[in-house]
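S.K.: the following comprises the amino acid sequence and a computationally predicted model.
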Amino acid sequence: MRIAGADVIVTSPGRNFVTLEITTDDGLTGYGDATLNGRELAVASYLSDHVGPLLIGRDAHRIEDTWQYLHRGAYWRRGPVTMAAIAAVDVALWDLKAQVAGLPLYQLLGGASRTGIRAYGHASGRDLPELLDSIRARQEQGFRSIRVQSGVPGLETIYGISAAPDPAGGPGRENGRHPQPSEETWDTQAYLRHLPTVFEAVRNEFGPELPLLHDVHHRLTPIQAAKLGKALEPYDLFWLEDCTPAENQDGLRLVRQHTTTPLAIGEVFNSVVDYQTLIREQLIDYVRSAVTHAGGITAMRKLFDLAAQYQIKSGIHGPADISPVGMAAGLHLDLAIHNFGIQEFMPHSAETYEVFRHSYTFRDGYLHPGETPGLGVTVDRAAAARFEYRPAYLPVNRLRDGTVHDW
Ligand code: EZ4
Ligand code: CO
């Protein structure tokens with residue numbers, strides 16, 4: 001089975017997605033997600049200008065060799081653009097191999113280790129009543145684990161509570177072809193004072209059993225994160241996510257020494273190298289990388305195997321800016337690996353599902369990739385062509401004095 005074509009599909013059904021479509025000389029088609037929110041065209045160019053031409057004529061079955069060829073062979077390693085491009089090739093090749101085998105992809109990864117994939121949904125509110133309603137709405141949708149994000153008195157918008165439900169699909173898109181990112185104001189002390197009161201109220205309302213998560217979005221220093229983790233201990237979080245920027249992995253030692261709140265990190269990481277200290281020293285409890293951003297199934301499987309040696313579990317990133325192709329790739333891994341933890345799930349819009357036909361399901365709190373041979377996602381190219389790319393960016397965050405802060 002030789003690779004005959006490698007097409008890059010850029011489409012915007014509600015938000016931007018980049019998809020690699022690999023075709024083979026025996027007529028099969030495989031898909032990989034290459035969406036890098038706000039920097040989509042850089043990956044599209046990396047694939048169509050530099051990677052696609054190298055793939056033509058290669059044996060589509062040689063997944064590991066192709067991964068190494070693109071990673072080591074390029075000389076320039078790692079980085080979000082490179083790793084998203086390699087991920088797209090890798091996932092498309094796994095899709096093809098599973099189609100040839102006539103099996104859903106998870107069967108090639110060792111088969112199912114569980115019957116369903118526990119998913120968490122997002123609840124948010126500008127104030128407490130709105131937040132409690134949002135949690136109830138998620139429960140009605142079937143979610144049994146819920147990420148809680150709350151407005152902070154005195155702050156107009158904060159991460160997870162933008163006026164538009166989907167930040168990079170939000171106001172910036174309306175400004176024409178070259179929008180500027182919107183800007184938000186941040187006050188760390190106000191957040192640190194307010195958040196424990198939110199979790200106290202949520203626990204009082206919903207009781208001790210509902211698994212609750214929270215995403216700090218890299219906004220604290222290690223000592224601030226330590227303080228927050230400690231303050232949240234009475235509310236028994238499932239995890240506290242991205243409590244501090246973790247490019248400096250050593251910083252997590254301080255957080256860890258002060259709190260037993262479980263920690264999840266890694267949605268902006270793209271390589272196992274980013275995790276070396278975090279995993280070896282057991283400084284985190286959940287690995288957050290997305291298949292789409294961290295080199296595909298081949299790389300993620302190795303990452304999870306390393307984590308398993310240290311009792312660290314998976315918590316694959318699953319926001320709406322991962323396409324259904326990337327989502328499905330994560331679900332096949334989730335079902336197969338032993339050290340599965342939880343899967344983030346933001347259902348896509350009806351427009352997105354028009355372009356991406358998928359076999360995965362969500363029922364009673366659990367996802368399943370389905371039994372269709374391969375990945376179980378196909379792209380309707382005629383539908384994709386109806387949704388033209390428009391630049392859209394995540395907001396930029398500033399402190400009250402105007403200093404740029406992590407978003
Ligand atoms: O802000 O995917 O846990 N999920 C998140 C996401 C990220 C976006 C960035 O593109 O933090 O919503
Ligand atoms: Co996050």
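M.R.: Arrived safely, thanks for sending. What you see is a predicted model, and the numbers here were worked out from it, not measured in a lab. Ligands and ions are numbered 1, 2, ... in the order given.

S.K.: how about the closest residue to residue 223 other than its chain neighbours, what does it touch?
M.R.: Leaving aside its sequence neighbours, residue 223 sits nearest to residue 254 (CB to CB, 6 or more residues apart in numbering; 6.4 Å). Glycine gets a C-beta too; all of them are placed from N, C-alpha and C. For residue 254, the contacting residues are 222, 223, 226, by CB atoms under 8 Å, 6 or more residues apart in numbering.

S.K.: does the first one touch residue 252 like I think?
M.R.: Okay, so that is residue 222. Yes: with contacts counted by CB atoms under 8 Å, residue 222 reaches residue 252, the gap being 7.2 Å.

S.K.: joint contacts of those two?
M.R.: By CB under 8 Å, 6+ apart, the residues touching both residue 222 and residue 252 are residue 244.

S.K.: per-residue pLDDT of whatever residue of the stretch 301-407 of the chain ends up closest to ligand 2, please?
M.R.: Nearest residue of the stretch 301-407 of the chain to ligand 2, counting by CB to the ion: residue 317, 6.7 Å away. According to the prediction, residue 317 has pLDDT 98.

S.K.: what about stretch 137-147, how long is it end to end?
M.R.: 13 Å (CA to CA, to the nearest Å).

S.K.: for stretch 7-24, same thing?
M.R.: 12 Å.

S.K.: any idea of the mean pLDDT for that stretch?
M.R.: 98.

S.K.: likewise stretch 295-313?
M.R.: So the average pLDDT for stretch 295-313 ends up being 98.

S.K.: chain neighbours aside, what residue packs nearest to residue 303?
M.R.: Closest to residue 303 by CB to CB, 6+ apart is residue 272, at 4.8 Å.

S.K.: I'd assumed residue 305 was in contact with that neighbour.
M.R.: No: with contacts counted by CB under 8 Å, residue 272 stays clear of residue 305, the gap being 9.8 Å.

S.K.: tell me which of these two has more neighbours.
M.R.: Each of residue 272 and residue 305 has its neighbours counted (other CB atoms under 10 Å); residue 272 has more, 21 against 13.

S.K.: the contacts of residue 254 into a markdown table, with extra columns for neighbour count?
M.R.: Output for the contacts of residue 254, formatted as a markdown table (neighbours: other CB atoms under 10 Å):
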| residue | neighbour count |
| --- | --- |
| 222 | 21 |
| 223 | 13 |
| 226 | 21 |
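
S.K.: which ones among those residues lie within helices?
M.R.: Of these, the ones assigned to helices by DSSP state H are 222, 223, 226.

S.K.: residues contacting the first one?
M.R.: Neighbour list for residue 222: 244, 251, 252, 254, 255 [criterion: CB under 8 Å, 6+ apart].

S.K.: I'd like those as TSV, with distance to residue 69, secondary structure and pLDDT appended.
M.R.: Formatted as TSV, these follow (distance: CB to CB, whole Å; DSSP: H, G, I helix; E, B strand; the rest coil; pLDDT from 0 to 100):
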residue	distance to residue 69	secondary structure	pLDDT
244	36	coil	98
251	35	helix	95
252	34	helix	98
254	40	helix	98
255	39	helix	98
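
S.K.: who wins on neighbours among those?
M.R.: residue 255 (28 neighbours).

S.K.: go ahead and confirm that residue touches residue 243.
M.R.: Yes: here residue 255 reaches residue 243: they are 6.1 Å apart, a contact under CB under 8 Å.

S.K.: and for these two, which residues touch both?
M.R.: 225, 229, 263.

S.K.: what sits closest to the first one if chain neighbours are left out?
M.R.: Counting by CB to CB, 6+ apart, residue 225 lies nearest to residue 243, which is 3.7 Å off, once chain neighbours are set aside.

S.K.: tell me if that neighbour really is in a helix.
M.R.: No: Residue 243 is assigned coil when assessed by DSSP: H, G, I helix; E, B strand; the rest coil, not a helix.

S.K.: residues contacting it?
M.R.: Here residue 243 is in contact with 216, 220, 225, 228, 229, 255, 263, 265 (CB under 8 Å, 6+ apart).

S.K.: what about 7 Å?
M.R.: Residues in contact with residue 243 (CB atoms under 7 Å, 6 or more residues apart in numbering) are 216, 220, 225, 228, 229, 255, 263.

S.K.: ok, now residue 40?
M.R.: 10, 16, 18.

S.K.: burial check on the second one, number of neighbours?
M.R.: Looking back up the chat, that one is residue 16. Using other CB under 10 Å: residue 16 sits among 26 other residues.

S.K.: next one: it from residue 157, what distance?
M.R.: Distance of residue 16 to residue 157, computed by CB to CB, to the nearest Å: 21 Å.

S.K.: with adjacent residues omitted, what lies nearest to residue 372?
M.R.: residue 359 is the one closest to residue 372 (CB to CB, 6+ apart), at 4.1 Å.

S.K.: out of the ones in helices among the contacts of residue 254, who's nearest ligand 2?
M.R.: residue 222 (17.9 Å).

S.K.: mind checking pLDDT for the closest one?
M.R.: Reported pLDDT for residue 222: 98.

S.K.: next to ligand 2, which bits of this protein? Give me the list.
M.R.: 215, 267 (CB under 5 Å from the ion).

S.K.: name the residue of the chain that lies nearest to ligand 2.
M.R.: residue 215 (4.3 Å).

S.K.: residues in contact with that residue?
M.R.: 147, 149, 160, 241, 242.

S.K.: let me know the helix or strand that the first one is in.
M.R.: Same thing as residue 147. In this structure, residue 147 sits in strand 146-150 according to DSSP states H and E.

S.K.: partner strands of that strand and their direction?
M.R.: According to DSSP bridges, strand 146-150 forms sheet pairs with strand 117-125 (parallel), strand 212-215 (parallel).

S.K.: tell me the helix or strand right after the first one.
M.R.: Using DSSP H and E, the helix or strand that follows strand 117-125 in sequence is helix 128-141.

S.K.: what helices or strands is that next one leaning on?
M.R.: strand 117-125, strand 146-150, helix 188-206 (3 or more CB pairs under 7 Å, 6 or more residues apart in numbering; DSSP states H and E).

S.K.: now do that helix: distance to the chain's middle.
M.R.: 23 Å (CA atoms, centre = their mean, to the nearest Å).
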